[in-house]
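1. please find the sequence and the predicted model below.
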Amino acid sequence: MPARPLRSPRLPDEQLDLFAPLVPTVVVASYKGGVGKTAVAVACAERLAWAGLQILLLTCDSQEDARARLGVQPAEPQLARRPYGQGSVTVVGIRGTKAIDLLYRHGPEHLGLGKFDGAVLDTPPEVQGGSLPGVLLITPLDGVDAARNLITMLGRTPQNSEIILVRVGRADAEEWAQNAGAISEAVGRELDFLPGPLPKSTLIEEAHNQGRSVWTLRRSGPTLAFLHGVNTLAQMIWERFTPRRPWPAQLPAVTSAAYVPGWDDEA
């Protein structure tokens, strides 16, 4: 006589609760490396700090590039703070369940990190980077391959997270708008997008490699376009973090030497 398998009522599937972080949070994520996630995360965090906010920058990538781009030396403590006028950026490397503890279960104060106006999360190029609920999700991409990976990642993004698409590198603005619409249709939800692409800038890259703030750079050419786009993103974050406070005016440019158009323009 053949054996018979046991049959029992199935347990109900656990429903995903649409939680929100204990501190307002923006996540910069892409399911592809080298698309400018850390550059955008650090520049946004610095702009918000220059506007007077106390920002917690969580670097979830094992390489912790965000620390170096803020000028943090390897010998400094794991929790490092950098002042920006009346605001500051505090950077800490934290990953996996510890990041979830900090954002959703206990909060930064409970973990002894102090009080913050908001958190910026720099993620590794992994699909779960876009799966946090209740956040503002900024998603840089630099081409067709990144767009395909992005659609896969956004399929896991909870409905209570807002999404902003950001095109990095040279691109036609009209074509980019069409691509953003196609991505929105592919994932079946309404998405926002930054209209102007963020161009790659030699000066931005050099500043990050040297641990200097990009907001102290001379503003022209691709650097000006990059900072203008990041300023727009930072304003959207500000309105989420502090909805009742007016957005502070752009910082004055810092010019340490004469600039000659046509000769000093970046490639």
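-> Perfect, thanks for sending it. Numbering: from 1, shown residues only.
2. poorly predicted segments of the chain, please.
-> 1-2, 4-17, 252-267 (pLDDT under 70).
3. show me the helices in it, by range?
-> Here the chain has its helices, by DSSP state H, at 37-50, 65-69, 96-100, 107-110, 144-154, 173-187, 202-209, 221-241.
4. between these, which one is closest to L56.
-> helix 107-110 (5.8 Å; CB to CB). (Each C-beta comes from the backbone N, C-alpha and C, glycine too.)
5. list the buried ones in the closest one?
-> Buried residues in helix 107-110, counted by 16 or more other CB atoms under 10 Å: 107-108.
6. stretch 211-228 now?
-> Neighbour counts using 16+ other CB under 10 Å place 213-215, 217-227 of stretch 211-228 among the buried residues.
7. what's the answer for stretch 47-67, then?
-> 47-61, 64-67.
8. what's the span of that stretch, first residue to last?
-> End-to-end distance for stretch 47-67: 16 Å, by CA to CA, to the nearest Å.
9. quick one: it to chain centroid distance?
-> Centroid displacement of stretch 47-67 relative to its chain, using CA atoms, centre = their mean, to the nearest Å, is 9 Å.
10. tell me the centre residue of the chain?
-> The centroid of the chain falls nearest to V28 when counting by CA atoms, centre = their mean (2.6 Å).
11. for that one, list each beta-bridge partner.
-> Legend: beta-bridge partners of V28 under DSSP bridges are D122, I138.
12. what's near enough to touch it?
-> Contacts for V28 (CB atoms under 8 Å, 6 or more residues apart in numbering) come out as 37-38, 40-41, 44, 120-123, 138-140.
13. surely L111 touches L102?
-> Yes - taking contacts as CB atoms under 8 Å, L111 lies within contact range of L102: 5.6 Å.
14. mind checking which of the two has more residues around it?
-> The residue with more neighbours, out of L111 and L102, is L102; 25 against 14, by other CB atoms under 10 Å.
15. can you add distance to V168 and give the buried residues of stretch 211-228 back as a markdown table?
-> Formatted as a markdown table, the buried residues of stretch 211-228 follow (distance: CB to CB, whole Å):
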| residue | distance to V168 |
| --- | --- |
| S213 | 20 |
| V214 | 14 |
| W215 | 19 |
| L217 | 18 |
| R218 | 21 |
| R219 | 19 |
| S220 | 19 |
| G221 | 16 |
| P222 | 11 |
| T223 | 14 |
| L224 | 16 |
| A225 | 11 |
| F226 | 9 |
| L227 | 14 |
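16. just checking, G211 touches L70?
-> Yes - the pair G211 and L70 passes the contact test of CB under 8 Å, sitting 6.4 Å apart.
17. contacts only, for the closest residue in space to A186 that isn't next to it in sequence.
-> Counting by CB to CB, 6 or more residues apart in numbering, A186 lies nearest to I151, which is 4.9 Å off, once chain neighbours are set aside. By CB under 8 Å, 6+ apart, I151 lies in contact with 183, 186-187.
18. which one of the residues you listed sits closest to Q159?
-> V187 (11.1 Å).
19. residues near the residue nearest to that closest one when sequence neighbours are not counted, how many?
-> Closest residue to V187 apart from its sequence neighbours, by CB to CB, 6+ apart: L154 at 4.5 Å. Counted with other CB under 10 Å, residues neighbouring L154 total 25.
20. and if you look at V35?
-> The burial count for V35: 26, using other CB under 10 Å.
21. who's in contact with G169?
-> Contact analysis of G169 by CB under 8 Å, 6+ apart lists 142-143, 197-200.
22. what's the separation between it and G87?
-> Separation of G169 from G87 (CB to CB, to the nearest Å): 30 Å.
23. just Q210 next, same as before
-> 22 Å.
24. more neighbours, the two?
-> G87 (20 against 10).
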